[in-house]
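1. Sharing a model that was predicted from the sequence below.
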Amino acid sequence: MCRGLQGVVLEVGFGTGPNIPFYPPTLTRVLAVEPSSGARGLAADRIATSPVPVEFVGLDGARIDLSDASVDCVLSTWTLCTIPDVDAAVAEMHRVLRPGGAVHFVEHGVSPRPSTARWQRRIEPVWGAVAGGCHLTRDAPDLLRAHGFEPHEVAVVHKGPDLVARMSVGTARR
Ligand SMILES: C[S@@+](CC[C@H](N)C(=O)[O-])C[C@H]1O[C@@H](n2cnc3c(N)ncnc32)[C@H](O)[C@@H]1O
């Protein structure tokens with residue numbers, strides 16, 4: 001997901017910084033949004049080894065304190081499933097991204113198998129309560145499209161336990 005990232009990158013749902021080892025040399029700066037103080041603390045060692053400066057700029061992807069069109073790329077790995085107000089967050093990504101810039105994403109979503117999708121819908125409220133607010137039935141390409149992005153080069157892969165196996169991996173251009 002990090003291949004092709006360049007310039008100033010907004011990483012939403014930075015977590016413990018697992019993407020840091022994959023940042024390409026074309027990045028100049030990472031602006032990170034992450035609400036969990038525990039995750040931010042755990043990220044400290046990785047940030048210390050980061051080849052580019054990482055700066056925390058906010059706690060909520062739904063309200064990002066950056067100017068319009070001020071970043072070159074956005075990175076989101078398994079985060080759109082978790083953000084409570086995901087529509088506001090995708091709208092914020094669109095606002096802060098420069099025209100022509102891209103969101104790089106990998107997200108799990110609703111299964112194409114009707115029986116799995118039924119289970120996903122049934123257990124989603126309980127799942128969310130025990131899995132940090134994670135939703136099982138969101139569809140990243142649809143969400144991005146609804147907010148004016150053009151998803152392209154999106155691959156669908158199936159990996160891991162059925163309920164979270166369907167992943168959309170790709171980029172979406174503003
Ligand atoms: C499943 S984790 C993924 C973390 C990381 N991106 C990764 O690939 O491992 C989801 C992340 O979204 C963060 N998150 C939850 N609510 C958020 C919000 N409103 N805005 C931004 N990030 C949020 C969580 O704290 C968590 O770090």
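-> That came through fine.

2. ok, the nearest residue to G58 once chain neighbours are set aside - contacts?
-> Closest residue in space to G58, ignoring its immediate chain neighbours: V33 at 4.5 Å, by C-beta to C-beta, 6 or more residues apart in numbering. (C-beta placed from N, C-alpha, C; glycine too.) If a contact means C-beta atoms under 8 Å, 6 or more residues apart in numbering, then V33 has 10-14, 56-61, 64 as its contacts.

3. can you do 6 Å?
-> 12, 58, 61 (C-beta atoms under 6 Å, 6 or more residues apart in numbering).

4. What residues does the chain have near the ligand?
-> With C-beta under 6 Å from any ligand atom as the criterion, the chain meets the ligand at residues 12-13, 15, 18, 33-36, 39, 60-62, 77-79, 82-84.

5. Please indicate which of those residues are buried?
-> Neighbour-count burial (16 or more other C-beta atoms under 10 Å) applied to the residues of the chain next to the ligand gives 12-13, 15, 33-34, 60-62, 77-79, 82-83.

6. Throw those into TSV and include pLDDT, thanks.
-> Formatted as TSV, these follow (pLDDT from 0 to 100):
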residue	pLDDT
V12	98
G13	98
G15	98
V33	98
E34	98
D60	98
G61	98
A62	98
T77	98
W78	97
T79	97
T82	97
I83	97
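
7. Tell me the one of those residues nearest L5?
-> T77 (11.7 Å; C-beta to C-beta).

8. looking at it, the closest one is touching V106, isn't it?
-> Yes. Using C-beta atoms under 6 Å, T77 is in contact with V106, at 5.2 Å.

9. Quickly list what's touching both of the two.
-> Common neighbours of T77 and V106 (C-beta under 6 Å, 6+ apart) are M1.

10. Could you pull up the mean pLDDT of stretch 164-174?
-> Averaging pLDDT along stretch 164-174 yields 96.

11. Can you list the buried residues in that stretch?
-> 164, 166-172, 174.

12. Where do the helices of this protein begin and end?
-> With DSSP state H as the criterion, the chain has helices at 37-42, 44-48, 86-96, 114-130, 140-146.
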